[in-house]
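>>> Sequence plus predicted model, see below.
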Amino acid sequence: MRLLWAFNFEPATNPKTGDPELPDVWHYTKGMVAAPEPFKCKLTPRWPSVTGLIHQDFLASASVFER
């Protein structure tokens, strides 16, 4: 939820044409738990200081994920 709070999510842009590259809505994992396959997107901070806040939170929780 913090990522949604902190960043704008937009489609990736084709570098040659400048057109948006929309993900294929049918490209997802099959099985008991369905999830989208990796796709390109553009993330932009909603305000300048937000990346620092996210980085601080990441460092504070790193010990939990090291296990």
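Yep, it's here. Since the structure is predicted, the reported quantities are computational estimates derived from the model, not experimental observations.
>>> pLDDT value on the residue nearest the centre of the chain, please?
For the chain, the residue nearest the mean C-alpha position is residue 43 (6.4 Å; CA atoms, centre = their mean). Confidence at residue 43, expressed as pLDDT, is 92.
>>> Likewise for residue 34?
89.
>>> ok, it touching residue 26?
No - using CB atoms under 8 Å, residue 34 makes no contact with residue 26, being 11.0 Å away. From N, CA and C alone the C-beta is placed, and that goes for glycine too.
>>> related to what we said a few turns ago, looking at this, the residue nearest to the centre of the chain is in a helix?
No - Residue 43 is assigned strand when assessed by DSSP: H, G, I helix; E, B strand; the rest coil, not a helix.
>>> check contacts around it.
Residues near residue 43 by CB atoms under 8 Å, 6 or more residues apart in numbering: 3, 7, 8, 9, 10.
>>> Check residue 19 too.
Residue 19 sits in contact with residue 13, where contact means CB under 8 Å, 6+ apart.
>>> go on, residue 51?
6, 45.
>>> The same query, at a cut-off of 6 Å, please.
Taking CB atoms under 6 Å, 6 or more residues apart in numbering, we find residue 51 in contact with residue 45.
>>> rewinding a little: look up which residues are beta-bridged to the residue nearest to the centre of the chain.
Counting by DSSP bridges, residue 43 forms beta bridges with residue 9.
>>> so how far is residue 51 from it?
10 Å (CB to CB, to the nearest Å).
>>> Report pLDDT for the nearest residue to residue 23 once chain neighbours are set aside.
Nearest non-adjacent residue to residue 23, counting by CB to CB, 6 or more residues apart in numbering: residue 39, 3.8 Å away. Per-residue confidence at residue 39 stands at 92 (pLDDT).
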